[in-house]
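Enquirer: Sequence and predicted structure are below.
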Amino acid sequence: MSPLARKRLGRVALNAAGVAVFLFAVFPVYWMVATAFKPNDQIFTTSFIPFPDPPSMDHVSRVFTQGVAGNSIWRYLLNSTIVALSAVVIGAVFALLAATAVARFRFRFRTSFLILLLIVQMVPAEALLIPLFTMVKRLGLYDQLLGLIVINVGLTLPFSVWMLRTFVAAVPKELEEASWIDGAGRFTTFWRVLFPLVAPGLVATSIFSFITTWNEFVFALTLIGDQGKYTMPVALQFFVGQRSTDWGGIMAASTLMTIPVLIFFLLVQRRMVSGLVAGAVKG
Amino acid sequence: MAQTSTVARGGGDPSAPARRHSPRPRRRTGLPNWLVPYVLLLPGLLVIAALLLYPLYQMVDMSFHQVGLRQIRAINPTPAEFVGLDNYNSIFESDLFWTSLRNTVVFAVVTVALTLLLGTLVGLLLNKLGPKMSTFVVVGIMAAWATPPTAQAVVWKWLFDSDAGVVNWTLNLLPDWLSNLVFGRSDWSGQPWFNDTITLYLVLIVAVVWASFPFIAVSVLAGLKSIPSELYEAARMDGATAMSTFRKITFPLLKPVFSVLVVLSTIWDFKVFTQLYLLAGGTVNRDAFNLSLWSYAEAFSSPPKMGLGAAIAVVLTGILLVITFVYVRNIIKTEDVR
């Protein structure tokens, strides 16, 4: 074989591998969406039906009207949104303050605080489930979205501070010094100079926390007993019945739950990697 | 930015001029400089202390107590009885300890190995592909990565469904001689995947590898892009083979990335809960427990044995903190936390 032909063959093989990886990654997601739009007789069949023919909106409209566990899927989407947005906003304020402290000031315990952040990130949330459950119960926050919000702030905060501090550190200190010289106070400098420059980083960090909170399952499962207050991940399992599973409904609900995450994901994809492995890649 | 200034100019807010005069005196009367970082840190530190550190202490404390319904009720709770190491004794004497430890460890080892292998290969592939093809594949694997864990579990459960699942249909497509040779059977119709612990974990491994290899691939790709291309040119000049280039250049330079990825994956896979809970259909199948599912099952069954559940959680956390120690040491070495 001539070198040119071999090179061309290599290129074809690489592209074929790329397509194979793409199909492996995408097929389950595609199948979820396809099943959501198939009428029942195309779902419960032993033959392979590659795409819904014709597409049916039955399941999608049914999860909205009839819903699951006694409520329309709107209810659960709304609960999930309330929990995720509140946790993100509260978490963002706390994280920004702490990140500014760590990135802009030299003080005693600074290193200790950073190491603490690293260690608490590694404690499995599932292990804290039991003590947090008793705490929530004692505070009378069981069965309330507020309890879930508070817990999610705690779960996402260490990582948010860790990620945000690099964004704060990246803002040149001279800008703040100039603002000081012009007579601006601490708050004005923070609000008018630092905040606008850190805002993109804050958005990326917030999207992160949003995804984590939106997907959170274990705490939502244990801290909420009232069906009207379920979040999406918990509501999903009620499509699974004793004898049979409503595959069309569950796939429609899963698709609805995945859409916002997918959009956010494509937005912050690059930052996600750099945030997690920053230290290693730099070293 | 532009918007704020327009509002300030046109709005004529009476408080604005007053604010503009105040900074100077405020700087003198404000907080002393040394106190500022502590004030900024306070809310975050309180959250971490209340929601992570105190529960951590409580988890250990509860593991030495018997905690049931009467101890956790909101009104008039009775104090928990101190039982010493009883909870730990019953864990280590239980058969479930060994099956769930085995499930946890075997699952983590297999899944981490497969995820890293597949992720690295895909990362290397992405680096070789042309820009258009590479973007195409990245967007594809992003879809797998972005799927929420609950949806992952549900989708894979559907793919492996005994009657209408695509996997059984595909396995039936295999020529009978091949299927017989590899699996010792040719008919896959109605094959139930979720009744037996081994096949259940097989599906779990596939699902978790599917969802986590994209992160590894994209991280490896980012690492590869940071390696100067001169090194590869020099290697080619010297007539190095692809294999020795990987061994002598790529791998050593990516080693820090790999060590972080190994530890992160190990931590994630050690405590897998959501996907297992949904694939196993809750806590009915005790053979399928891993440590986190077992802890959950003891603490939230009726009657709840919170102390026992906490003791299992302590064991799990202990194992994870040992692994974490390596990770934290690595980060402290490479990144300046000083």
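Expert: Thanks, I have it.

Enquirer: Now stretch A:16-31: buried residues?
Expert: Going by neighbour count (16 or more other C-beta atoms under 10 Å in any protein chain shown), the buried part of stretch A:16-31 is A:Ala17, A:Gly18, A:Val21, A:Phe22, A:Phe24, A:Ala25, A:Val26, A:Phe27, A:Pro28, A:Val29, A:Trp31. In this view, the C-beta of every residue, glycine as well, is placed from N, C-alpha and C.

Enquirer: What is the nearest of the residues you listed to B:Phe92?
Expert: A:Pro28 (39.3 Å; C-beta to C-beta).

Enquirer: quick one, what contacts the closest residue to that closest one other than its chain neighbours?
Expert: Among residues not flanking A:Pro28 along the chain, B:Val155 sits closest, at 4.9 Å (C-beta to C-beta, 6 or more residues apart in numbering or on different chains). Residues near B:Val155 by C-beta atoms under 8 Å, 6 or more residues apart in numbering or on different chains: A:Pro28, A:Val29, A:Trp31, A:Met32, A:Met251, A:Ser254, B:Thr147.

Enquirer: Which secondary structure state is assigned to the second one?
Expert: Under DSSP: H, G, I helix; E, B strand; the rest coil, the three-state class of A:Val29 is helix.

Enquirer: gap between it and A:Ser254?
Expert: 10 Å (C-beta to C-beta, to the nearest Å).

Enquirer: For B:Asn103, which residues are in contact?
Expert: Contacts of B:Asn103 by C-beta under 8 Å, 6+ apart are B:Thr197, B:Tyr201, B:Ala288, B:Phe289, B:Asn290.

Enquirer: Mind telling me what element it is part of?
Expert: Here B:Asn103 sits within helix B:95-128, counting by DSSP states H and E.

Enquirer: cool, A:Ile211 as well?
Expert: Here A:Ile211 is assigned to helix A:195-215, by DSSP H and E.

Enquirer: Would you mind listing the buried residues in that helix?
Expert: A:198, A:201-202, A:204-215.

Enquirer: so which of those are also by chain B?
Expert: A:Trp214, A:Asn215 (C-beta under 8 Å from any C-beta of the partner chain).

Enquirer: so which pair among the buried residues of helix A:195-215 is furthest apart in space?
Expert: Using C-beta to C-beta, the buried residues of helix A:195-215 span at most 25.6 Å, a distance reached by A:Val198 and A:Asn215.

Enquirer: so for the helix holding B:Asn103, what's the average pLDDT?
Expert: The pLDDT scores in helix B:95-128 average 95.

Enquirer: From the contacts of B:Asn103, pick the one nearest chain A.
Expert: B:Asn290 (10.1 Å; C-beta to the nearest C-beta).

Enquirer: List the contacts of the closest one.
Expert: Residues counted as contacts of B:Asn290 (C-beta under 8 Å, 6+ apart) are B:Ser100, B:Asn103, B:Thr104, B:Phe107, B:Val272, B:Leu276.

Enquirer: who wins for most neighbours among the residues you listed?
Expert: Taking other C-beta atoms under 10 Å in any protein chain shown as the neighbour criterion, B:Ser100 ranks highest of these with 26 neighbours.

Enquirer: Relative to chain A, how far out is that residue?
Expert: B:Ser100 sits 13 Å away from chain A, going by C-beta to the nearest C-beta, to the nearest Å.

Enquirer: residue boundaries of the helices in the stretch 51-200 of chain A?
Expert: Taking DSSP state H, counting those that start in this stretch, the helices of the stretch 51-200 of chain A run over residues A:58-65, A:73-104, A:110-122, A:125-138, A:145-170, A:173-181, A:186-189, A:195-215.

Enquirer: Same list (these) but as JSON lines, adding mean pLDDT.
Expert: Shown next, in JSON lines, are the helices of the stretch 51-200 of chain A (pLDDT from 0 to 100):
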{"stretch": "helix A:58-65", "mean pLDDT": "92"}
{"stretch": "helix A:73-104", "mean pLDDT": "95"}
{"stretch": "helix A:110-122", "mean pLDDT": "87"}
{"stretch": "helix A:125-138", "mean pLDDT": "91"}
{"stretch": "helix A:145-170", "mean pLDDT": "93"}
{"stretch": "helix A:173-181", "mean pLDDT": "87"}
{"stretch": "helix A:186-189", "mean pLDDT": "87"}
{"stretch": "helix A:195-215", "mean pLDDT": "91"}
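
Enquirer: wait, which of these is closest to A:Tyr230?
Expert: Nearest of the helices of the stretch 51-200 of chain A to A:Tyr230, taken as C-beta to C-beta: helix A:73-104 at 5.5 Å.

Enquirer: Is chain B within reach of that closest one?
Expert: Yes. Applying C-beta under 8 Å from any C-beta, one finds helix A:73-104 touching chain B at A:Val93, A:Phe94, A:Ala95, A:Leu97, A:Ala98, A:Thr100, A:Ala101, A:Val102, A:Arg104.
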